[in-house]
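Asker: pasting a predicted model and its sequence here:
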Amino acid sequence: MSFARHVVCTLRSPGPLETELPQHVTCVALNFRGRAPWAAIRLARLFAQQQPHLVHARNWNTWPDSAMATLLLGAHAPTLVFGFHGVESDAGFEPSRRRLARWLGLNHHHFTSVSRCGMDLLEAQLGISPSRIRLLANGVDTRRFQPSETETLPVGRPVVITSVGSLIPIKGHLDLIEAVKLVAQASGSFVLRIVGEGPLRNRIEQEARTLPSNIRLELLGNRSDIPDILRNTDVFVLASVQEQMSIALLEAMACGVPVVATDVGDNAAVVQDGRSGWVVPRRDPQALADAITRLVKDAGLRQETGKRARLRVEQKYDLDSMADRYADYYRALLADRASRAIGRIQVGDSRGIPA
């Protein structure tokens, strides 16, 4: 987006992604710990200093403070966009958050959603008009995430099933473990790799002790070599009970891995059941196991399904295309902001002072 100057602000520490930002992007960390009642004031000061035309606040944790900051700035406030990437509750937004959204007047601002189900949730629970929500689907770097240069993985090694995601209840890891127990009854030895960390790790380790001997479970924790892990994967599984649009799912498909995903969020639209993978009901280990078994037993099916998965991402979910969609959206908002500013001058006297 060469038309814009970028500043990234984090309410807490910048985290590991700071080192991945281009050198020309400024990163400002406010370093708050926990809930800080004065965060809105600090944000307002930052906005006044940086003078942005547009602020894009990502997910709920940034929304109230950003909204309050713009209220403090009044007529000098930037255009505010709330980016919605999902919630960690199966019920959506908590009642207290719904009330706060109404009190802050969030429905007067702009929203983006990575999924159609997210758009529906914003409308149903926060009362956001569909005209204020723009669907901007996720995208992945298809150069970084691409299939292995070799057509097939080494002969004789066990089939590898991989899942990537935080070890939290909505990711469905316990359903996945129940499913692979069923797969083990119908197939030979295989490896289950789970990438990620979270509060469910101890529970998953306990469940691992109940796995049959022909399954080897590898808990890999947080990893920076995800592309390599996916390129050495035969089947990718997303067993979530709640999603919007899974980046992990897109990354696996970009690597040419056939996927099995639960029918939550926009998974069915991304995967296209029976083409680039299989979509099964959530919280249904048997359905999950049936789809996984089908792929585990048929190397040819894995290969053809993986090719279609890669093509699907190239055509619909490439990172460059996503960036272009965001740039077009920002340009439209900035053009509208400029036209409204001209309109305010035109209703004043010849010096642009309101009459």
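Answerer: Yep, it's here. Numbering: from 1, shown residues only.

Asker: residue 146 is in contact with residue 256, isn't it?
Answerer: Yes: between residue 146 and residue 256 there is a contact at 7.5 Å, judged by CB atoms under 8 Å. For every residue, glycine as well, the C-beta is placed using N, CA and C.

Asker: buried residues of the lengthiest helix in the chain, list them for me.
Answerer: Ranked by residue count and defined by DSSP state H, the top helix of the chain is helix 319-346. Residues of helix 319-346 classed as buried by neighbour count (16 or more other CB atoms under 10 Å): 319, 322, 325, 326, 329, 330, 333.

Asker: list the contacts of the third one.
Answerer: Yep, that's residue 325 we're talking about. 136, 137 (CB atoms under 8 Å, 6 or more residues apart in numbering).

Asker: equivalent analysis for the fifth one, please.
Answerer: Applying CB under 8 Å, 6+ apart to residue 329 gives the contacts 112, 134, 136.

Asker: ranges for the helices of the stretch 251-355 of the chain?
Answerer: Along the stretch 251-355 of the chain, counting by DSSP state H, counting those that start in this stretch, helices occupy 267-271, 285-297, 299-316, 319-346.

Asker: from one end of stretch 12-23 to the other, what's the distance?
Answerer: Distance across stretch 12-23, first residue to last, is 21 Å (CA to CA, to the nearest Å).

Asker: okay, the angle between the longest helix of the chain and helix 299-316?
Answerer: In terms of direction (axes from the mean of the first three to the mean of the last three CA atoms, to 10 degrees), helix 319-346 departs from helix 299-316 by 20 degrees.

Asker: tell me the mean pLDDT for helix 319-346?
Answerer: Helix 319-346 comes out with an average pLDDT of 84.

Asker: quick one: secondary structure of residue 160?
Answerer: Residue 160 falls in the strand class when you classify it by DSSP: H, G, I helix; E, B strand; the rest coil.

Asker: what's the local residue count around it?
Answerer: 21 (other CB atoms under 10 Å).

Asker: got it, and the one 3 residues further on?
Answerer: Using other CB under 10 Å, residue 163 is surrounded by 25 other residues.

Asker: that one touches residue 233, doesn't it?
Answerer: No: the pair residue 163 / residue 233 is not scored as a contact, 9.6 Å apart, by CB under 8 Å.

Asker: what is in contact with the two at once?
Answerer: In contact with both residue 163 and residue 233: residue 193, using CB under 8 Å, 6+ apart.

Asker: what's the average pLDDT for stretch 91-105?
Answerer: Mean predicted confidence for stretch 91-105 is 94.

Asker: list the single closest residue to residue 66 in space, sequence neighbours excluded.
Answerer: residue 57 (4.0 Å; CB to CB, 6 or more residues apart in numbering).

Asker: what's the burial count for residue 147?
Answerer: Neighbours around residue 147, by other CB under 10 Å: 16.

Asker: my read: it touches residue 255, true?
Answerer: Yes: counting by CB under 8 Å, residue 255 is a contact partner of residue 147 at 5.7 Å.

Asker: what do those two both touch?
Answerer: What both residue 147 and residue 255 touch, as defined by CB under 8 Å, 6+ apart, is the set 231, 310.

Asker: in stretch 207-227, what's buried?
Answerer: 207, 208, 215, 217, 219, 226, 227.

Asker: ignore the last one, stretch 8-24
Answerer: Under 16+ other CB under 10 Å, the buried positions of stretch 8-24 are 9, 10, 11, 14.

Asker: which one is the last one nearest to, not counting chain neighbours?
Answerer: In space, not counting the residues next to it along the chain, residue 14 is nearest to residue 29; the distance is 4.5 Å by CB to CB, 6+ apart.

Asker: and if you look at residue 133?
Answerer: residue 111 is the one closest to residue 133 (CB to CB, 6+ apart), at 4.5 Å.

Asker: next: residue 182.
Answerer: In space, residue 182 is closest to residue 289, 3.6 Å off (CB to CB, 6+ apart).

Asker: count of neighbours near that neighbour?
Answerer: Residues near residue 289, counting by other CB under 10 Å: 25.

Asker: before we move on, what about residue 314?
Answerer: Quick note: residue 314 (other CB under 10 Å) scores 14 neighbours.

Asker: and the chain, what are its domains?
Answerer: 7-139+319-346, 159-304 (automatic domain parsing).
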